[in-house]
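Enquirer: Turn this into a structure:
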Amino acid sequence: MGNYLYGLTVQGIQSYIFETNKLREIVGGSEIVEQICTTWFKAFVEDKDKNIKGNFYQKAAGNIRFETKDENSAKTIYNEYHKFLLENSPGVPFSQAVVEINENVTENQAIDELDAKLRAQRNQPLYAFDLGLMARGKNRRTGNPEFTEYNNDDAEYPDIITYAKQKNKGATALQDKTKIEGITYPTEFSEIAKGSTKSWLALIHIDGNGMGNRINDIRKGKGILETLKGFSENVEKSTIAAYQKGVDIIQDILKQKGNVTLPMRPIVLGGDDVTLIIRGDLAMAFTYAYLEEFEKQTEENLKDYGGKLTAAAGIAFVKEKFPFHYSAHIAEELTSFAKNKSERKHSCLHFHMVQDSFVDSYKDIIIKDLTTKDNFMFINGPYYLNKPKAQSISGLLSDIEKLKSEDAPTNAMREWVDVKFNNSFMADTIMGRIKRKYGEKYQDIIKNTKAYIDYHTLLSVGIKY
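Expert: Just a heads-up that it's a prediction; the model follows:
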């Protein structure tokens, strides 16, 4: 007999969390996902009545990896934790599997087999504990069968998925994880947007670069599981430290220290992933500080695991009432855009102000909102932390500071953008006027025409840094 490696993966985390437009339910969903891999699972395996023996190798960002030498422990986790999740986190799509490591199966082979089984499990539907009967009403917001317990928040009978989210809206697993004393977060979008310019919010998604390549390098060595455990723990340590730095910067900008409620809310914080909602004018400051600190922390914490990591970020600026499932989708696509442009080698960010009520993809946005009739594209990003001869975040913020001056050509640039979409000849005439009037003082900004919409976006949200 050998060892047994148990794995659980939560699929579609963003879709599950953001399928509602109520912040309390988004918070509840994020807390459920966090607890599945941390506090709930830890309490489950430490339950003395279950007598489970083994070691964690990963327990974050929607993933659990747990090794045990005891076959009964593996069976107990597989059978009973599955039932626990169906009862306590209905609607969360997850897959789980167990593989054996023995003299014929190496750690590398076991990891590959486990991943293959988890992928296969995605195609198998999960049993629903709450089946809709014909005699039951349906929740008006979701269309799912109403749950029998009454919900005072909305004065309605919620479905079982919504009920679970509302039940967990007061959980503090994510807040405890940040390890920041005295900080609390809002429970309504209006509380986050309060004090912002025209109620702009931002959804930020940040993801580490080159994680797959780094893991593949680790798997070429010895003691793979133990090394992966150390790597995973130190990546998360770096992520949390970078998040803390971002919060420090926000507190400095707002001049709020001590026991305060900050205009932001972490939604996902684990592994190398971060997703948060923040007041629009503070988004760039947080992201800039996070990227700097993440590089610094990984350079120190991953000395034994290949060294420094970089990260890419996507920022979707949206109004308070905007459907947040679109926001999350766009933020992820902006992150992917930044990753692809940087070839996953440099820390960078890309952003967009979403104004349509329906958004399909960032590719469609580029065609519809950022490309003129003469095929001129208003895409200047991504903006880099420190890539030589590339558009930098600091340079962008410096340009914004100059454009805040009363004599800046901000309105003229906005006029040029509007005309450029419909009449390139008229746009040339307006550009000539801009250069004659403002060219001496604002020459570098004026000639950077691809950045005009980015300038307008950051000025519109009243960016602070």
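Enquirer: For the rest of this, base every contact and every neighbour count on C-alpha atoms.
Expert: Noted.
Enquirer: pLDDT wise, what is the closest residue to residue 182 other than its chain neighbours at?
Expert: Counting by CA to CA, 6 or more residues apart in numbering, the nearest residue to residue 182 once its immediate chain neighbours are dropped is residue 259, at 4.2 Å. The pLDDT attached to residue 259 in the predicted structure is 85.
Enquirer: how many neighbours does residue 259 have?
Expert: The criterion is other CA atoms under 10 Å. On that basis, residue 259 has 10 neighbouring residues.
Enquirer: try residue 324
Expert: Taking other CA under 10 Å as the neighbour definition, residue 324 ends up with a count of 22.
Enquirer: what's the answer for residue 298, then?
Expert: 24.
Enquirer: what's near enough to touch it?
Expert: 234, 235, 238, 307, 308, 309 (CA atoms under 8 Å, 6 or more residues apart in numbering).
Enquirer: now do 10 Å
Expert: By CA atoms under 10 Å, 6 or more residues apart in numbering, the contact list for residue 298 reads 234-239, 241-242, 305-310.
Enquirer: Just to be sure, it is in a helix?
Expert: Yes: remark: residue 298 belongs to a helix, assigned using DSSP: H, G, I helix; E, B strand; the rest coil.
Enquirer: how near is it to residue 59?
Expert: Here the criterion is CA to CA, to the nearest Å. By it, residue 298 lies 19 Å from residue 59.
Enquirer: Please apply the same query to residue 366.
Expert: If you measure residue 366 against residue 59 using CA to CA, the figure is 37 Å.
Enquirer: next one: residue 99
Expert: The span separating residue 99 from residue 59 equals 18 Å under the rule CA to CA.
Enquirer: quick one, which of those two is more surrounded?
Expert: Neighbours were tallied for residue 99 and for residue 59 using other CA under 10 Å; the higher tally belongs to residue 59 (25 against 21).
Enquirer: Confirm the more buried one sits in a strand?
Expert: Yes: secondary structure assignment places residue 59 in a strand (three-state DSSP).
Enquirer: isn't it right next to residue 269, touching?
Expert: No: Residue 59 sits out of contact with residue 269 when judged by CA atoms under 10 Å, with a separation of 11.9 Å.
Enquirer: Quickly list what's touching both of the two.
Expert: Residues touching both residue 59 and residue 269 (CA under 10 Å, 6+ apart) are residue 34.
Enquirer: domains of the protein?
Expert: As given by automatic domain parsing, the domain ranges for the chain are 3-121, 173-367, 370-465.
Enquirer: Looking at these, which is nearest to residue 165?
Expert: Closest approach to residue 165 among the domains of the chain is made by domain 3-121 (4.2 Å; CA to CA).
Enquirer: circling back: contacting residues around the residue nearest to residue 182?
Expert: Residues 181, 182, 183, 184 are the ones in contact with residue 259 under the rule CA under 10 Å, 6+ apart.
Enquirer: Among those residues, which one sits closest to residue 386?
Expert: Out of the contacts of residue 259, the member with the shortest distance to residue 386 (by CA to CA) is residue 183, at 31.0 Å.
Enquirer: and the closest one, what are its bridge partners?
Expert: On the basis of DSSP bridges, residue 183 takes part in beta bridges with residue 260.
Enquirer: how about the strands in the chain?
Expert: In chain order, the chain shows strands spanning 3-10, 55-60, 63-68, 94-101, 183-184, 200-208, 260-261, 264-270, 273-279, 311-319, 348-353, 383-384, with DSSP state E as the criterion.
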